[in-house]
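Q: okay, sequence plus prediction incoming.
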Amino acid sequence: MTDQDQTQAAGQVALNQSELDELVASSDTGGRSPSLPVARFITIVAIFWSLFQLWIASPIPFMVGFGVFNDTEARAFHLAFALFLAYAAYPAARTPFQLLLGIGIPILLAFLFIIGIGGLGAGWWIILVAAAVVAAIVMGSPKHWVPPWEWALAIVGAITSLYIFFAYDGIASRVGAPITQDLVISVIGMILLLEATRRALGPALTIVASVFLAYTFLGPYMPGIIAHSAKSLGVVANHQWITTEGVFGIALGVSTSFVFLFVLFGSLLDKAGAGNYFIQVAFSLMGHMRGGPAKAAVVSSAMTGLISGSSIANVVTTGTFTIPLMKRVGFSSEKAGAVEVASSVNGQIMPPVMGAAAFLMVEYVGIPYFDVVKHAFLPAVISYVALVYIVHLEAMKANMQGLPRAVEPKPLVAWLISLAFTIAVICALSFGVYYTMGWIRPAFGKAAPWIVFGGLTVVYIALLYVACKQPRLKMEDPNAPVTKLPPPGPTIRAGLHFLLPVVVLVWALMVDRKSPGLSAFWAAAFMIFILVTQRPLEAMFRGEGSVAGAVSRGVRELLEGLEAGARNMIGIGIATATAGIIVGAVSQTGVGSALADVVEVLSGGNIMAILVLTAILSLILGMGLPTTANYIVVSALLAPVIVTLGQQNGLIVPLIAVHLFVFYFGIMADVTPPVGLASFAAAAVSGGDPIRTGVVAFFYSLRTAALPFLFIFNTDLLLIDVGWAQGIFVFITATLAMLLFAAATQGWFLARNRIYETLALLLIAFTLFRPGFWMDMVAPPFNNVPPAQIEQAMAATEVGQDIRLTIDGLNAVGDPVTFTAVLAVPEGDTGADRLMTAGIEYLDNGGKIMIDNVAFGSAAQAAGLDWDQEIVAVQTPASQPTKYLMYLPALLLLALVVVLQRRRAYTQPAKA
């Protein structure tokens, strides 16, 4: 019996393409399929949303002096489009729990409003809207038409958002003093936003946001550790809807300014045919290897992840082609689905998009976008390399073979010469473009952008001409017999022009250092140019079909891309707005500091326990929250807690490392059973069991779960304060360590592992990742100096090196706290001069060294020092051998494992 027969006998049947499209639509773009006129109207609204976002991102409004929107006004339109399309495109779920939730929240908010204003009064509008929401849920929300009450909710939802735009001047003139009209609009807006969240994203985010809203009102009745003062309805409504502290806060602003344009860029690129191109290139290059289709699935998902913000869409897009081919070469349904899940979910950690988190980190961490990408790049690449290796190990276990090649491979020497020549050409082109751009700008002044566009156009036409000389790329039927793979050369040449918009994007971001929004605008604008011209030029170069028909097709694909980009953004726009409610509640109630106390109590102050608790909370929240919302919520709650408690434990954790830690575990929730939406999507394609698929995918993703713990303690992995040479060294050693970790967790290296070999591989991997752990035991990195000798310590430490001070003091609420402050030693002739330059004045109070004053704006103040704190310990840098000496025993142990396994590799048969 074949694997497919066994799966079907177990009751699991793969879905067909239309069912898969419906699955993705219900999750990402809206599952309603109304009649043609209504569908066209929804399409027109979605296209207008995309055009609006392109307009506000472009320099045109500033050139013509018309249509210029400030950040708050742009956010109002952004949310208005999202709310309207959420009600029009997403039918309401009808499960009993969903019904109870959808009915209860509007009634509760309406009741709170009536209590808050002391009677019905102006609350009739709120009661009417709440009743309309309840009636819409009770009467049903059909999938094939939009009832009148749903249109009414869509229009009212858009109006409540646009109120911020139309009443902007009035709101600005009464800051902190909302009128009744403000309160009515705010409560109606929150009712409709929460209902839209329930429809588009499911119950989890709706429940979390509602709990935080309730917590805002019920603070005095909470347990003492998380209790807070009562907040009136007027204060809450004003904070959440009228100001930019809640719904219209940073998260929605990032969605408006950056995320939409990147999602739109990805949709346009996919409509042009780039998604199929990436898949075909991956298969042509890797399909012949052991487990080749699975390796190609990993690579194609990585390339798709560059432009995709949805793990589920990534699974279905590439999985419909890769999963059947993986099954054909020997993978079970569950393993084939798990490989696709692991690679697709990892697409969200791959810059530049990172599931929208990269742009949020820019705002939350306060560092340039270029730095976010730099810090996130190395772990993402290492994780993908390790996944390819895991696939290779699975193929070795089962003695799988690849698919037949299209052409015979070149001899090794010829292949190496060809590779070296290709690299040399790419480097020469890169340097040529870089220095040519540097010459064009000063030479042509304001005309330089037109010169650059002309040059890009010439290159684009030349690459498209080359592509047209190759056979057309077709998405092959994965269920048809595969006689040979597509040839690599013609396949690569058939779509090189798709790389130009990506080059434009990367150049604008990394070289010109433009804002992410403006960079994405120029990339999207070039994609629009490609979509409009690609089909007519192909018709001319190939001599196939009429140019007029090709123009029509190009325009149609452009409109489809604009619509797809907007519909993919509905959930993200709603998620960021609703997450704003949670962020607003955190800022209004001060629950963050209370949560720090709770976490400290639960963890006993142990930093590793704190990280484990944070990881578990991220996984739990991520079971129902979209990745973006999960990141916003957990980073708002726990990122400051980790930094604070780490400082109290002597571990100085960079903020970007904490935010990446939270983000990594947020995406892991798409894999982890029992919810794991990506696992269910993959099982729908493979016909496998979704829970078993999720379990296997979780084990494949252990490398992704290990990385955050490693880069918290070894920030070299994030390329923090690391030069180019050291960065290359870190990449090589970290990649080797991750491959060994994968071999240990998969139970196979050169042969099947024995228990002691698995333990040895884990020990070697840990040593390569964090050699300083062992070196610190051999030679402590700091010398302990009595606090009374702080001046001598400052004088003896080289300028620029860090000195650590352990401080006893009080926190913001007056409770005793101990923490570690790090000060870079400044210039100065004496230790006293250096202390004064750092901003510290101290006195000796009966043997206690007390801080008497801290200069405003000084390095000491930035490190958290304040007057009346006690310096209880001083640590100066110690002379320590290089930590990389620990690699020697690790590599010797690795050599021993290799010798042991090579003896068995020739005699031990592979087993499936």
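A: Sure thing, it's come through. Residues are numbered from 1 along each chain as shown.
Q: in the protein, which helix or strand is least confident?
A: When each helix and strand of the chain is scored by mean pLDDT, DSSP states H and E, helix 3-9 comes last, with a mean of 41.
Q: which secondary structure element is home to residue 378?
A: helix 369-398 (DSSP states H and E).
Q: residue 822 now?
A: strand 816-824.
Q: what packs against the helix or strand residue 267 falls within?
A: Residue 267 belongs to helix 260-272 when assigned by DSSP H and E. Using 3 or more C-beta pairs under 8 Å, 6 or more residues apart in numbering; DSSP states H and E as the contact test, the elements touching helix 260-272 are helix 36-57, helix 499-506, helix 516-542, helix 547-589. No exception for glycine: its C-beta is placed from N, CA and C like everyone else's.
Q: select, out of these, the one closest to residue 639.
A: The minimum distance between residue 639 and the helices and strands packed on helix 260-272 falls on helix 547-589, with 11.2 Å, by C-beta to C-beta.
Q: following the closest one, which helix or strand comes up?
A: Using DSSP H and E, the helix or strand that follows helix 547-589 towards the C-terminus is helix 591-603.
Q: can you name the next helix or strand after that following helix?
A: helix 607-622.
Q: could you list the buried residues of that following helix?
A: Residues of helix 607-622 classed as buried: 607, 610, 611, 613, 614, 615, 617, 618, 619, 620, 621, 622 (neighbour count, 16 or more other C-beta atoms under 10 Å).
Q: go on, stretch 539-549?
A: Quick answer for stretch 539-549 (16+ other C-beta under 10 Å): residue 539.
Q: same deal with stretch 370-389?
A: Across stretch 370-389, burial judged by 16+ other C-beta under 10 Å covers 371-389.
Q: list the buried residues in the helix or strand that the strand holding residue 822 is followed by.
A: With elements assigned by DSSP H and E, the helix or strand that comes after strand 816-824 is helix 831-838. Residues 831, 834, 835, 837, 838 are the ones in helix 831-838 that count as buried (16+ other C-beta under 10 Å).
Q: I'd say the third one and residue 842 touch.
A: Yes: shown here, residue 835 and residue 842 form a contact pair, counting by C-beta atoms under 8 Å, at 7.4 Å.
Q: what is in contact with the two at once?
A: The contact sets of residue 835 and residue 842 overlap at residue 790 (C-beta atoms under 8 Å, 6 or more residues apart in numbering).
Q: before we move on, the earlier item: the helix holding residue 267 vs helix 547-589, what angle?
A: Per axes from the mean of the first three to the mean of the last three C-alpha atoms, to 10 degrees, the angle that helix 260-272 makes with helix 547-589 is 150 degrees.
Q: could you give me the buried positions within helix 260-272?
A: For helix 260-272, the neighbour count (16+ other C-beta under 10 Å) marks 260-272 as buried.
Q: coming back round to it: list just the nearest of the buried residues of helix 831-838 to residue 90.
A: Lowest distance from residue 90 to the buried residues of helix 831-838 (C-beta to C-beta) belongs to residue 838, with 56.5 Å.
Q: the closest one against residue 862, yeah?
A: No: counting by C-beta under 8 Å, residue 838 does not reach residue 862; the two are 10.0 Å apart.
Q: let's have the buried residues of helix 831-838 in CSV, adding pLDDT and distance to residue 191.
A: Output for the buried residues of helix 831-838, formatted as CSV (pLDDT from 0 to 100; distance: C-beta to C-beta, whole Å):
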residue, pLDDT, distance to residue 191
831, 88, 63
834, 90, 59
835, 90, 57
837, 90, 56
838, 89, 53
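Q: which of those residues sits closest to residue 283?
A: Nearest to residue 283 among those: residue 838, at 59.0 Å, using C-beta to C-beta.
Q: returning to what we had before: who touches the very next helix or strand once past the helix holding residue 267?
A: Per DSSP H and E, the first helix or strand lying C-terminal to helix 260-272 is helix 274-286. Applying C-beta under 8 Å, 6+ apart, the external contacts of helix 274-286 come out as 269, 292-293, 295-297, 299-300, 303-304, 307, 317-318, 321-322, 325, 403, 406, 473, 475, 485-488, 491-492, 494-495, 498.
Q: same question for stretch 771-779.
A: Contacts of stretch 771-779 (C-beta under 8 Å, 6+ apart): 713-714, 766-767, 781, 878, 880-887, 890.
Q: could I get the buried residue list for it?
A: With burial defined by 16+ other C-beta under 10 Å, the residues of stretch 771-779 counted as buried are 771, 772, 775.
Q: so the protein: which segments form each domain?
A: What automatic domain parsing lists as the domains of the chain is 3-253, 783-879.
Q: and these, which is most packed in?
A: Scoring the domains of the chain by mean neighbour count under mean count of other C-beta atoms under 10 Å gives domain 3-253 as the most buried, with a mean of 18.
Q: now it, how far from the centre of its chain.
A: 23 Å (C-alpha atoms, centre = their mean, to the nearest Å).
Q: repeat that for stretch 398-406.
A: In terms of C-alpha atoms, centre = their mean, the gap separating the centre of stretch 398-406 from the centre of its chain is 34 Å.
Q: please point out which parts of that stretch sit buried.
A: Neighbour counts over stretch 398-406 (16+ other C-beta under 10 Å) mark 398, 400, 402, 403, 406 as buried.
Q: what of stretch 689-707?
A: Here stretch 689-707 shows 689-690, 692-698, 700-707 as buried, counting by 16+ other C-beta under 10 Å.
Q: among those residues, which are in strands?
A: Members of the buried residues of stretch 689-707 lying in strands (criterion: DSSP state E): none.
Q: can you tell me which of the residues you listed are in helices?
A: When those are checked against helices (DSSP state H), the matches are 690, 692-698, 700, 702-707.
Q: which one of the residues you listed sits closest to residue 589?
A: residue 705 (31.4 Å).
Q: returning to what we had before: need the buried residues of helix 607-622 in JSON lines (columns: distance to residue 109 and pLDDT).
A: Output for these, formatted as JSON lines (distance: C-beta to C-beta, whole Å; pLDDT from 0 to 100):
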{"residue": "607", "distance to residue 109": "40", "pLDDT": "78"}
{"residue": "610", "distance to residue 109": "35", "pLDDT": "81"}
{"residue": "611", "distance to residue 109": "36", "pLDDT": "84"}
{"residue": "613", "distance to residue 109": "32", "pLDDT": "83"}
{"residue": "614", "distance to residue 109": "31", "pLDDT": "81"}
{"residue": "615", "distance to residue 109": "33", "pLDDT": "82"}
{"residue": "617", "distance to residue 109": "26", "pLDDT": "76"}
{"residue": "618", "distance to residue 109": "28", "pLDDT": "76"}
{"residue": "619", "distance to residue 109": "30", "pLDDT": "77"}
{"residue": "620", "distance to residue 109": "25", "pLDDT": "74"}
{"residue": "621", "distance to residue 109": "23", "pLDDT": "69"}
{"residue": "622", "distance to residue 109": "26", "pLDDT": "65"}
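Q: so residue 804 sits in a strand?
A: Yes: with DSSP: H, G, I helix; E, B strand; the rest coil as the criterion, residue 804 is part of a strand.
Q: please identify which helix or strand holds the closest residue to it other than its chain neighbours.
A: Nearest non-adjacent residue to residue 804, counting by C-beta to C-beta, 6 or more residues apart in numbering: residue 875, 4.1 Å away. Taking DSSP H and E as the definition, residue 875 sits inside strand 870-877.
Q: note down every partner strand of that strand and its orientation.
A: Here strand 870-877 is paired, per DSSP bridges, with strand 782-785 (antiparallel), strand 802-810 (antiparallel), strand 848-854 (antiparallel).
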